[in-house]
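Undergrad: Let me see the structure of the following:
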Amino acid sequence: EGERIAFVKGRLRERRWFDGAADDTLNGRNVLWKIEHPDNPDRAPSYLFGTMRLTDDRLQTLPAKVNEAMVSARVIAIEIDDTSPVRANEAMKAMLPRLVVESGDRLDKALKPNEWRIASASLNRTTLPQEVQSRARPWVVNAVMAMTDCERSRVTAGKLPMDGEIARRAENRGVGTMGLDTAEWQFQAQADVADTDALAFLKSRLALADRVHDLTETMAQLYLRRDIAAIWPLQVALAKKAGVDEKALESYYENAVVTRTKRMRDRAHMHLQRGGLFIAMEAQNLPGPSGMVALLQDLGYTVTPVE
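TA: You can find the predicted model right below:
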């Protein structure tokens, strides 16, 4: 109870909850992995690279070993081939039946007035009509708030996040790219989270709304330090400080992260069998028994840390 998370100039000041988090988690520290299959020793190796969906210039300078892996690739696979705000709005519009509730609890009633003010401002960035915003399901606001205003402005101005920059470099070299997921599928995974659990997660986001830039910077710092497995625990620790039930967070993680990772593993498997695939996906999807590294090992692949 006495432990706390303190931000100083946007950087994480370590506390006991954090010590050893990456070391204590399966596959918790590496961002680049080499993928081979013992049944196909003659095939070119594939690679798995953990990214962050940020436009941060510090993250755009890729390690030499990552560049080498990209150059050797036959095809580049990223999570979603188009993450622009325009594409996200199109995907949300296509899911209109799952965006709002027809009856029952309204979002503007389920939230406190100050919470609704922040949520409403986020919904105003979407194409969701003003008259139905109060009936938006909690996952919709969660999806919109996943990108900070600063990031949204940079993306709108043409700045690419890590996976987008990787795809651009591949295109410049004439290497094909593919998406392992779609914006629709990503939103579908969030829509499958029970509204009560999504609402709990939303309340934690709203409680941290005035520190979202600090949180984003802290996650970038964790990534740069290769404390990959601490990225999700950081969010859990902050949510618990905001009074969110940990069971709701587990439900959200299972649907929004684990389910998607399994689907992307299955999509990648078809191309991994041919070899020469370079996969770029969010780093928090890699660690743990349900992470991408372990899921590939379950299929019989030998997955070796490189960076």
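
Undergrad: List of residues touching the one helix or strand Ala121 maps to?
TA: If you go by DSSP states H and E, Ala121 is part of helix 113-123. For helix 113-123, the surrounding residues in contact (C-beta atoms under 8 Å, 6 or more residues apart in numbering) are 107-108, 111, 133, 136, 140-141, 144-145, 202-203, 206, 209. (Each C-beta comes from the backbone N, C-alpha and C, glycine too.)

Undergrad: What's the first helix or strand after it?
TA: helix 138-145.

Undergrad: List of residues touching the following helix or strand past that next one?
TA: Downstream of helix 138-145, the first helix or strand assigned by DSSP H and E is helix 149-156. Contacts of helix 149-156 with the rest of the structure, by C-beta under 8 Å, 6+ apart, involve 54-55, 83-85, 125, 147, 161, 213, 216.

Undergrad: okay, who's weakest in those residues by pLDDT?
TA: pLDDT across the contacts of helix 149-156 is lowest for Thr83, at 70.

Undergrad: what about that residue, neighbour count?
TA: Neighbours of Thr83 under the rule other C-beta atoms under 10 Å: 20.

Undergrad: Give me the secondary structure label for it.
TA: With DSSP: H, G, I helix; E, B strand; the rest coil as the basis, the three-state label of Thr83 is coil.

Undergrad: The stretch 151-300 of the chain: helices as residue ranges?
TA: Ranges of helices in the stretch 151-300 of the chain, per DSSP state H, counting those that start in this stretch, are 162-172, 183-191, 195-207, 212-224, 231-241, 246-253, 259-272, 292-298.

Undergrad: which regions of the protein lie under the pLDDT threshold?
TA: The model of the chain has pLDDT under 70 over residues 1-22, 103-104.

Undergrad: mind listing the strands in the stretch 1-150 of the chain by residue range?
TA: Applying DSSP state E, counting those that start in this stretch to the stretch 1-150 of the chain gives strands spanning 6-8, 11-13, 32-36, 46-51, 75-80.

Undergrad: Relative to Leu32, which of the contacts of helix 113-123 is nearest.
TA: Met145 (29.7 Å; C-beta to C-beta).

Undergrad: That's all I had, so thanks and see you.
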